[in-house]
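>>> model the structure of this input:
(4 chains)
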Protein chains: 2
Amino acid sequence: MAKHTDYALDDQVGYILRRVTQRHLAIFAEAIPEITTTQFAVLARLSQMGPLSQNHLGRETSMDAATVKGVVDRLTKLGLTATRPDPEDRRRLTVSLTDEGARLFARRKETGLAVSTATLAPLDPAEQATFLALLSRLT
Amino acid sequence: MAKHTDYALDDQVGYILRRVTQRHLAIFAEAIPEITTTQFAVLARLSQMGPLSQNHLGRETSMDAATVKGVVDRLTKLGLTATRPDPEDRRRLTVSLTDEGARLFARRKETGLAVSTATLAPLDPAEQATFLALLSRLT
DNA sequence: CCCAATTCATTTGCATACGAACAGACTGGC
DNA sequence: GCCAGTCTGTTCGTATGCAAATGAATTGGG
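Sure, this is the predicted structure:
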């Protein structure tokens, strides 16, 4: 009988999640060195939904207000996004893709899909579907 | 026919991983406010394996040398770990748990297991087993 | 036994992340 | 039509996380 409880770090979901995320980020950085995963998510969302206020963009990409500010600042410095004040609501800052940002995303979105494929490659197609369905429910 | 490829951000494994990790970190921070997940991982590993060199500890907890240094520095400042030079190899810094660190981990490891349980709670037991098996293969 | 290659720890720079606190702008309910 | 509550963006502090560069120590092969 075990004295109390054994805590097996290697079996904890949080620890495995961290390791899987590390592998995914490495695959992404290799495939798309120009920008980061979070920056790519912003380009994807703006490409899909059009211009958004900075806070709304944060909600749509699962980043808090402080985080999305830094991401947008860096994308703007790279010339991939632009910001302008909203005339309707002077609190708001509207974020949009530049032509260069739209072109970069169009050019790289196939690669982005390949990154997802590579991340899931250790599983066969049926396992991938099962995994994604279960993972989504843990959101 | 789609013009080219649709990139559905919400279906990308990296994006879902980030969201699941956010939820897990929030559950952990609520349950164990004293320290972070990475700090807890260090305590767990030292508790399991005994004193380790800082680099070895990093490998055993999936952190690179620069990251583990910061984590150990903060744990040491909290009085939960201690460091001493290795007389055998003057490059090495041996990291060990203090009594207080060992007590904190002993007191909190049940809670740590409860955090894993809560993270996986949306799945039934069979699904949890399937999920963990598939997740582990993506490391 | 000696030096080239490796290992270890550190530092710097950059990029997420989040909580808390803040000021300015807006809105709904009375 | 006013003000209490809310929303938006910003800043600060803290904590991962990795790449790259550095200096010191160790080791292995000839």
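
>>> need the phi and psi values for residue A:92.
Phi and psi for residue A:92, reported as degrees, to the nearest 10, are phi -80, psi 150.

>>> briefly note if stretch A:111-124 comes near DNA strand C.
No. Figure legend: stretch A:111-124 not in contact with DNA strand C (Cβ under 7 Å from any atom of the strand); closest approach 14.3 Å. Every residue, glycine included, has its C-beta placed from N, CA and C.

>>> now do the buried residues in that stretch.
Across stretch A:111-124, burial judged by 16 or more other Cβ atoms under 10 Å in any protein chain shown covers A:112-113, A:115-116, A:118-120, A:123.

>>> next one: stretch A:43-52
Within stretch A:43-52, the residues scored as buried using 16+ other Cβ under 10 Å are A:43-47, A:51-52.

>>> interface residues of chain A facing DNA strand D?
By the rule Cβ under 7 Å from any atom of the strand, the part of chain A lying against DNA strand D is A:18, A:22, A:25-26, A:29, A:53-56, A:65-66, A:69, A:86, A:89, A:91-94.

>>> just the buried residues of the residues you listed.
Buried members of these, scored by 16+ other Cβ under 10 Å, are A:18, A:25, A:53-56, A:92-94.

>>> make JSON lines out of these and add pLDDT and distance to residue B:78.
As requested, those are exported to JSON lines (pLDDT from 0 to 100; distance: Cβ to Cβ, whole Å):
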{"residue": "A:18", "pLDDT": "98", "distance to residue B:78": "21"}
{"residue": "A:25", "pLDDT": "97", "distance to residue B:78": "28"}
{"residue": "A:53", "pLDDT": "97", "distance to residue B:78": "40"}
{"residue": "A:54", "pLDDT": "97", "distance to residue B:78": "36"}
{"residue": "A:55", "pLDDT": "96", "distance to residue B:78": "35"}
{"residue": "A:56", "pLDDT": "97", "distance to residue B:78": "38"}
{"residue": "A:92", "pLDDT": "96", "distance to residue B:78": "41"}
{"residue": "A:93", "pLDDT": "96", "distance to residue B:78": "39"}
{"residue": "A:94", "pLDDT": "97", "distance to residue B:78": "43"}
